[in-house]
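>>> Give me a 3D structure for the following:
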Amino acid sequence: MAAIKTENLTKIFDGLTAVDSLNLEVAKGEIFGLVGPDGAGKTTTMRLLTAILDPTSGEAWVAGHHIVKESEILKEKIGYMSQRFGLYPDLTVMENILFYADIYGVPRKGREEKINRLLSFSNLTPFKKRQAGNLSGGMKQKLGLACALIHTPEVLFLDEPTNGVDPVSRRDFWRILYQLLQEKVTIFLSTAYLDEAERCNRIGLIQEGNILALGTPEKVKARMRGTILEIRSDQPRPVTSLLREHYTPDSVGLFGDRIHLITEKPGEDSDKIEQLLTKGGFRSLGIHPVEPSLEDVFISVVSEHRENFSSRLPGADQASGEEGSG
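As a prediction, the model looks like this:
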């Protein structure tokens, strides 16, 4: 039995479809990453699966329990860490954990040993008497995770758990998650960090409430259409704007000081870009093909999705000179 299963799960708010007929299975003991930008439907999906929101239509089961019909039982089987986890800043680290232990009804027998173990593996033992409000961002995230784990959930939901956290704390947080996998905890997390998604066993790329690609990071990368040309320039932003005037905007992405262009004709376009930069008064620091990142794949998949959607619009077939199917 899957740890998480959805069938056409849908949520509509005032005519806006936030989650659109989601069909998904997450195996027991894996880290599954729901990947997409803000507003893509990640948090709404998370709230549906944790029985905080009722779906407009469709069904889902988590840890073997229906999210609507068995919502109270379900909440005992899961841990949920939202983007703004409800820590109490005036309480110490230990007091926060004890508070959540009481909420979840964790038995007194064995509680101290469990808390000490959570403090140890999250590196919070030296800070157990410190008020939560005085912790760094990374330490607050670790405390939130410890509170979500106090009742030993079967499935752990983490909504953008490392958002705004420094790189060192992000690395520590992932070390803890890998430890949880060894204890057969299923982890379902959302993230806007595409580099972080590569750490997951499987991922789903979500945009406008739709899953556009699903599988291992390697399998999703294999969906990449065309070749990535990396363009380096001393003025990346204006060069990006220039390229978007001559290529499909979705095919051009800016990554720090590097520009990525998705192309079917890398040799031809390399020469064309050199000419465009020279004509525009920009200096090229190099143009060469590179291996695609998940960010490149996401751009490619979103572009493909929009093309497919446009082709299905009324009149699209007629516009292309083909007979419409109605």
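>>> and residue 6, bridged to which residues?
Beta bridges link residue 6 to residue 24, residue 60 when assigned by DSSP bridges.
>>> which residues does it contact?
Taking CB atoms under 8 Å, 6 or more residues apart in numbering as the contact definition, residue 6 lies against 22-25, 49, 58-60. All C-beta spots, glycine's among them, are computed from the backbone N, C-alpha and C.
>>> Can you give me the pLDDT of the residue nearest to residue 144 when sequence neighbours are not counted?
With CB to CB, 6 or more residues apart in numbering as the criterion, residue 144 has its nearest non-adjacent residue at 3.6 Å, and that residue is residue 85. At residue 85, the model reports a pLDDT of 70.
>>> For whichever strand or helix holds residue 239, list every residue counted as buried.
Assignment of secondary structure by DSSP states H and E places residue 239 within helix 236-246. Using 16 or more other CB atoms under 10 Å as the test for burial, helix 236-246 gives 236, 239-240, 242-244.
>>> Report all helices and strands that it contacts.
Using 3 or more CB pairs under 8 Å, 6 or more residues apart in numbering; DSSP states H and E as the contact criterion, the neighbours of helix 236-246 among helices and strands are strand 227-233, strand 252-255, strand 258-263, helix 266-280.
>>> Following the last one in sequence, what is the next regular element?
Using DSSP H and E, the helix or strand that directly follows helix 266-280 along the chain is strand 284-290.
>>> Please point out which parts of that following strand sit buried.
Within strand 284-290, the residues scored as buried using 16+ other CB under 10 Å are 284, 287.
>>> For that strand, what is the distance to the chain centroid?
Distance of strand 284-290 from its chain centroid, counting by CA atoms, centre = their mean, to the nearest Å, is 29 Å.
>>> Could you tell me the angle between it and helix 236-246?
Strand 284-290 runs at 60 degrees relative to helix 236-246, counting by axes from the mean of the first three to the mean of the last three CA atoms, to 10 degrees.
>>> how big is the angle separating strand 284-290 from strand 227-233?
In this structure, strand 284-290 runs at an angle of 160 degrees to strand 227-233, with the same axes, to 10 degrees as the basis.
>>> export strand 284-290 as PDB, just CAs?
Taking only C-alpha atoms (Å, rounded to 0.1, in the frame of the first residue of the first chain), the coordinates of strand 284-290 have been written out as PDB:
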ATOM      1  CA  SER A 284      30.500  37.700 -24.900                       C
ATOM      2  CA  LEU A 285      32.500  35.900 -22.300                       C
ATOM      3  CA  GLY A 286      31.600  32.500 -23.800                       C
ATOM      4  CA  ILE A 287      28.800  30.400 -25.300                       C
ATOM      5  CA  HIS A 288      28.800  26.700 -25.000                       C
ATOM      6  CA  PRO A 289      26.400  23.700 -24.400                       C
ATOM      7  CA  VAL A 290      25.900  22.500 -20.800                       C
END
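>>> okay, now residue 213: neighbour count?
Neighbour count of residue 213, defined by other CB atoms under 10 Å: 24.
>>> show me what contacts residue 232?
For residue 232, the set of contacting residues under the criterion of CB under 8 Å, 6+ apart consists of 257-259, 284-287.
>>> same thing but at 10 Å, please
Shown here is residue 232, whose contacts under the criterion CB atoms under 10 Å, 6 or more residues apart in numbering are 239, 257-259, 283-288.
>>> Out of those residues, which is nearest to residue 201?
residue 258 (28.6 Å; CB to CB).
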